[in-house]
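need coordinates for the following:
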Amino acid sequence: MLLFDVYSLFDVTPVRAQGCRVWDDKGTEYLDLYGGHAVISIGHSHPRYLAALTEQLHRIGFYSNSVVNPLQTELAQRIGKVSGYEDYRLFLDNSGAESNENALKLASFHTGKDRIIAFHRSFHGRTSGAVAVTDNPAIVSPFNANHKVTFCDLNDAEGVEKSLMQGDVAGVIIEGIQGCGGIHVPTTSFMQTLADLCHRYGAALILDEVQSGYGRTGRFFAHQWNDIRPDIITMGKGIANGFPCGGILIAPQFQARKGMLGTTFGGNYLAMAAALAVLDIIADEGLIDNAYRVGEYIKSHIPSSPRIKEVRGRGLMIGIEMNEDVAPLRRKLLFDDHIFTGVAGQNMIRLLAPLCLTIGQADQFLAAFNETLA
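Okay, here's the model as predicted:
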């Protein structure tokens, strides 16, 4: 039997990793500036993280959500405290896409309405509802084509209000910073107006912080740069540093009832041990401040060049938009300079490094990138 061939694969086989470094099966060392799609938050193979998972596995690895799991309560309290959302409640699941799926459902349950506003260039996941609110026709099957979704332009408050005025909108879903769509940062004025509009028209504001959250931009959530409080916040990727985990923070006005949401693996003991270790390490090693400091250093040291159109982002969520196809540049960085990077579309290099990236490692990337530009 062969694998279902849906990925374009580079001929690299990682077998070991530590911090921001990865080694392949030939012994070649790589600098990881992509973190496996922003998943690696505290760095690869952190010893405290490994110890937490190992110790938990020796106690109990799994049981269903039909019994009390104190680690879930501890994680809820910890996330509430570090994020400033102590009055919100946490629902745990397995991934960012599942978090967005549950958020859309919860908004519809709460409002009794059935339409969602999303944004052009958005990406929210590959499950059914998440695909429907993603602006990428390549991944939307006929089954997923949900005509209850309206797409608006980012930073176009007038267009959003026009759609909200129809009265049937359950929620508005927006990324803290658009990731796959090209590292587009919504303006503070737009985000504040959007929050006001959702409140005025009775729609839930859903902040997708799957990629932009967990300290990546220099705040725990990217939307906190805009001084707003959404109704639902979705999380995934960096929450457990590679162990499958996701969750949603839910505002106090949302009523719960038995059976409205559910999951088999969400909130399992190993995921909770991983997620708690991540919070410990982020706090003890100052990784949120580090992400902002090193990310801004990278942006400020990328030189002006006719090959570069624009550099965007916050902290360690950086997009370098080029005036050319970036595929050759990405291959050179990988195979000649041994640096993992990502892309967004055809013209953007996307950097989503672990939050522990150092200035010295940033300089390694900058030297390779600037040499290529020259």
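
confirm that Gly267 sits in a strand.
No: Gly267 is assigned coil when assessed by DSSP: H, G, I helix; E, B strand; the rest coil, not a strand.

ok now do it, which residues does it touch?
Contacts for Gly267 (C-beta atoms under 8 Å, 6 or more residues apart in numbering) come out as Asn65, Asn69, Leu71, Gln72, Leu92, Asp93. Using the backbone N, CA and C atoms, a C-beta is placed for each residue, glycine as well.

so which pair among those residues is furthest apart in space?
Farthest pair in these (C-beta to C-beta) is Leu71 and Asp93. Separation: 15.2 Å.

what about the two, which has more around it?
For Leu71 versus Asp93, the count of surrounding residues by other C-beta atoms under 10 Å is larger for Asp93: 27 against 18.

which positions are bridged to that one in the beta structure?
For Asp93, the beta-bridge partners are Gly246 (DSSP bridges).

isn't it right next to Gly246, touching?
Yes: the criterion here is C-beta atoms under 8 Å, and Asp93 meets it with Gly246 at 4.7 Å.

next one: phi and psi at the closest residue to Ser128 other than its chain neighbours?
In this structure, Ser128 finds its nearest non-sequential neighbour in Asn144, 5.7 Å apart by C-beta to C-beta, 6 or more residues apart in numbering. Per-residue torsions, Asn144: phi -90, psi -10 (degrees, to the nearest 10).

which stretches of this protein form helices?
35-38, 47-59, 70-83, 96-111, 128-132, 157-164, 188-201, 269-284, 287-300, 327-335, 359-373 (DSSP state H).

what's the closest of these to Ala251?
Using C-beta to C-beta, the nearest of those to Ala251 is helix 96-111, at 9.3 Å.

other SSEs contacting the closest one?
strand 89-93, helix 128-132, strand 169-175, strand 204-208, strand 232-235, strand 246-250 (3 or more C-beta pairs under 8 Å, 6 or more residues apart in numbering; DSSP states H and E).

mind saving the C-alpha coords of the third one as CSV?
Provided in CSV are the C-alpha atoms of strand 169-175 (Å, rounded to 0.1, in the frame of the first residue of the first chain):
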residue,chain,number,x,y,z
VAL,A,169,-25.3,36.5,10.7
ALA,A,170,-24.3,34.1,13.5
GLY,A,171,-20.7,35.1,13.6
VAL,A,172,-17.7,36.8,12.0
ILE,A,173,-14.5,34.8,11.9
ILE,A,174,-11.2,36.5,11.4
GLU,A,175,-7.5,35.6,11.9
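
each with direction, which strands does that strand pair with?
Strand pairing (DSSP bridges) places strand 169-175 next to strand 115-119 (parallel), strand 204-208 (parallel).

for the helices and strands packed on helix 96-111, which one sits closest to Trp225?
It's strand 204-208; of the helices and strands packed on helix 96-111, that one is closest to Trp225 (C-beta to C-beta) at 11.8 Å.
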